[in-house]
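Engineer: Please find the sequence and the predicted model below.
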Amino acid sequence: MTIRTLNNKQIGQACKKFREEKGYTQQQVADIIHYNVSYVSNFECGRSSNFRIFLWYFENGITDVIILDKVLRYGL
């Protein structure tokens, strides 16, 4: 069994897809976690690896195996 790790860009892409499927904007996520929207954008583009931002996605259900599996299989 091969274990594959995700890079920042892949994680960001999965989080963006998840956010969009849940109907949130980047601004709404930023407002909830009290961050500037540019931080959320940078995270989703893979330019940063902010744990607090990722935690919002995790707390809201990013553990959905289907979304993470799509990243691993197709690279979104």
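Structural biologist: It's in.

Engineer: hey, let's count contacts and neighbours off CA atoms from now on
Structural biologist: Will do.

Engineer: Quick one: classify residue 24 as helix, strand or coil.
Structural biologist: Judged by DSSP: H, G, I helix; E, B strand; the rest coil, the three-state class of residue 24 is coil.

Engineer: What's the local residue count around residue 53?
Structural biologist: The tally of other residues near residue 53 (other C-alpha atoms under 10 Å) stands at 19.

Engineer: I figured it hits residue 38, correct?
Structural biologist: No: assessed by C-alpha atoms under 8 Å, residue 53 is found out of contact with residue 38, at 11.6 Å.

Engineer: residues contacting the spatially most central residue of the chain?
Structural biologist: For the chain, residue 15 is the residue whose C-alpha lies nearest the centre (C-alpha atoms, centre = their mean; 2.0 Å). Residue 15 sits next to 44, 54, 57, 62 when contact means C-alpha atoms under 8 Å, 6 or more residues apart in numbering.

Engineer: now the helices for this structure?
Structural biologist: For the chain, the helices defined by DSSP state H cover 8-22, 26-33, 37-44, 51-59, 65-74.

Engineer: Let me have those helices in TSV, adding mean pLDDT as columns.
Structural biologist: Shown next, in TSV, are the helices of the chain (pLDDT from 0 to 100):
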stretch	mean pLDDT
helix 8-22	90
helix 26-33	97
helix 37-44	96
helix 51-59	89
helix 65-74	59
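
Engineer: mind checking the backbone torsions on the closest residue in space to residue 9 that isn't next to it in sequence?
Structural biologist: Sequence neighbours aside, residue 46 is the residue nearest to residue 9 in space, at 3.8 Å (criterion: C-alpha to C-alpha, 6 or more residues apart in numbering). Per-residue torsions, residue 46: phi 80, psi 10 (degrees, to the nearest 10).

Engineer: Which pLDDT value belongs to residue 46?
Structural biologist: On pLDDT, residue 46 comes in at 92.

Engineer: can you check the one 4 residues further on too?
Structural biologist: Reported pLDDT at residue 50 in the predicted model: 86.

Engineer: Over to stretch 31-46 now: how far is its first residue from its last?
Structural biologist: 20 Å (C-alpha to C-alpha, to the nearest Å).

Engineer: show me the residues around the closest residue in space to residue 44 that isn't next to it in sequence that make contact.
Structural biologist: Leaving aside its sequence neighbours, residue 44 sits nearest to residue 12 (C-alpha to C-alpha, 6+ apart; 3.7 Å). Residues counted as contacts of residue 12 (C-alpha under 8 Å, 6+ apart) are 43-46.

Engineer: Fine by me, thanks again.
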